[in-house]
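In: this one's sequence-less:
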């Protein structure tokens, strides 16, 4: 039984622990995720929450939830690439 559970831990078949959070330390569902997010005591990963405001999600609907736009346009890509280069340069 223990060996079977050990084989499931951190995979899609694990119904208790979030496999996305296990692999990359972040989950697209955030606090609304139905699975557990086990945060390590120490990590080599640095997560900077809300550092980048995605223009595609900047529009808010009447219910307060973001309204995703269609495919990103060239301006959005350029804004993100500029942001990425600035952050990479500062953190390097």
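Out: Cool, the structure landed. Just so you know, these numbers come straight off a predicted model, no measurement behind them.

In: how about low-confidence regions in this structure?
Out: In the predicted model, the chain carries pLDDT under 70 at residues 1-12, 56-59, 66-72.

In: repeat that for 90
Out: Confidence mapping of the chain against pLDDT under 90 gives the ranges 1-80, 91-92.

In: max-length helix in it?
Out: Among the segments of the chain that qualify as a helix by DSSP state H, the longest is helix 74-91.

In: what comes up buried for that one?
Out: The neighbour-count check on helix 74-91 (16 or more other C-beta atoms under 10 Å) flags residue 79 as buried. Bear in mind the C-beta positions are built from the backbone N, C-alpha and C, glycine included.

In: what do you get for stretch 22-42?
Out: Buried positions in stretch 22-42, judged by neighbour count with 16+ other C-beta under 10 Å: 22, 27, 35, 37.

In: now those residues as JSON lines including distance to residue 75?
Out: Converted to JSON lines, the buried residues of stretch 22-42 look like this (distance: C-beta to C-beta, whole Å):
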{"residue": "22", "distance to residue 75": "35"}
{"residue": "27", "distance to residue 75": "29"}
{"residue": "35", "distance to residue 75": "36"}
{"residue": "37", "distance to residue 75": "34"}
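
In: how far does the longest helix of the chain sit from the chain's center?
Out: 18 Å (C-alpha atoms, centre = their mean, to the nearest Å).

In: just checking, what packs against that helix?
Out: Packed against helix 74-91 by the contact rule (3 or more C-beta pairs under 8 Å, 6 or more residues apart in numbering; DSSP states H and E) you find no helix or strand.

In: thinking again about what came up before, of the buried residues of stretch 22-42, closest to residue 91?
Out: Ranked by distance to residue 91 (C-beta to C-beta), the buried residues of stretch 22-42 are led by residue 27 at 22.9 Å.
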